[in-house]
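Novice: Model the structure of this input:
(chains A, B, C and D)
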Protein chains: 2
Amino acid sequence: MQNCTCFNLRKATRAVTQLFDEALKPCGLFATQFTLLAAISSRENVAITELSKALVMDRTTLTRNLKPLQKLGWVEVLQGEDKRTKTLSLTRSGKNVLKKAMIHWKKVQRQVVKTLGNSNWEVLLDNLSSTVKKLNPY
Amino acid sequence: MQNCTCFNLRKATRAVTQLFDEALKPCGLFATQFTLLAAISSRENVAITELSKALVMDRTTLTRNLKPLQKLGWVEVLQGEDKRTKTLSLTRSGKNVLKKAMIHWKKVQRQVVKTLGNSNWEVLLDNLSSTVKKLNPY
DNA sequence: CCAAAATACGTGTATATGCTCCTAAATATG
DNA sequence: CATATTTAGGAGCATATACACGTATTTTGG
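Specialist: Residues are numbered from 1 along each chain as shown, chains lettered A, B, ... in the order given. Have a look, this model is predicted:
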């Protein structure tokens, strides 16, 4: 099964995630959490389901992943105008953490791009994006 | 952060894993479990740490992922000659499940390759492999 | 306007992932 | 040969992921 698409993706994801987790450790957050902070930052007051669709992530997964960020006081979850929804926004503290994390993220991202080679990296990202587009109906 | 390597990998992995999970559902196993059965099948009596390194997976993660497979009677875990180690092998039942799952795997794998386009897929797999090689010291 | 359908969300359950700390066995070192 | 070090593995803890089922709110259809 050396050529299983799923296996190879998951394996590469493990390797890369460990690198990003390690790089973000000084900021006290995981790669996934950094992603969430950044995603919320660029879409203040987004609803949970809406964000989960953008991230190609199950709604309940997002809800649970938000939990530690709420506990740390980085993300605020409020009832939306539509009372069925909950809207997400960063606290001042959350914005500060994101700002600091961004520095470390840039560093590890640059390192990865350099290690893979710029053109390889570009092709990889293109392929990942198009994979998501083609496989994810939303 | 639209261009974050980690985010894009994880996102694509979620999309692809859901597809493979769905395809393997009739066999009662998840994509990850299929991978483990196949990996053990091709390396009978491999030790836990050795397999974990090959899969670029934390040793403790592998141990835990084996648990449901043991419970279902598909994988046997025995003490190795070196009494520190535990060796892994498929039971008869495990081999049967793998055989059936392989049919479904081939189908979904073909579908993904077709959807992405054969040459895109090949480039993607190459890039994933080389990413792992370059980032994983082992 | 009211009942049915659709939408947004949470909880329970289960697997997936990795770090830290601990124990047991094998190996290296003096 | 005895002890120190290395190696293999487990358990506790925390996050990541998604499905099934249930509840509340909004929208739709008559």
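
Novice: how close does residue A:116 sit to DNA strand D?
Specialist: 21 Å (C-beta to the nearest atom of the strand, to the nearest Å). All C-beta spots, glycine's among them, are computed from the backbone N, C-alpha and C.

Novice: Let me know the pLDDT of that residue.
Specialist: Note on residue A:116: pLDDT of 96.

Novice: With the one 3 residues further on instead?
Specialist: Looking at residue A:119, its pLDDT stands at 96.

Novice: Give me the buried positions along the helix or strand harbouring it.
Specialist: Using DSSP states H and E, residue A:119 maps to helix A:118-135. For helix A:118-135, the neighbour count (16 or more other C-beta atoms under 10 Å in any protein chain shown) marks A:120-121, A:123-125, A:127-128, A:130-132, A:135 as buried.

Novice: mind putting those in a markdown table, distance to DNA strand D included?
Specialist: As requested, the buried residues of helix A:118-135 are exported to a markdown table (distance: C-beta to the nearest atom of the strand, whole Å):
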| residue | distance to DNA strand D |
| --- | --- |
| A:120 | 24 |
| A:121 | 21 |
| A:123 | 23 |
| A:124 | 18 |
| A:125 | 17 |
| A:127 | 19 |
| A:128 | 14 |
| A:130 | 18 |
| A:131 | 14 |
| A:132 | 11 |
| A:135 | 11 |
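
Novice: By pLDDT, rank these and give me the bottom one.
Specialist: Lowest pLDDT among the buried residues of helix A:118-135: residue A:135, 92.

Novice: got the contact list for the residue lying closest to residue A:22 once chain neighbours are set aside?
Specialist: With sequence-adjacent residues excluded and distances taken as C-beta to C-beta, 6 or more residues apart in numbering or on different chains, residue A:22 is closest to residue A:108, at 8.0 Å. Residue A:108 is in contact with A:19-20, A:22-24, counting by C-beta atoms under 8 Å, 6 or more residues apart in numbering or on different chains.

Novice: I'd like to know how many residues surround residue A:5.
Specialist: Using other C-beta atoms under 10 Å in any protein chain shown, residue A:5 has 25 neighbouring residues.
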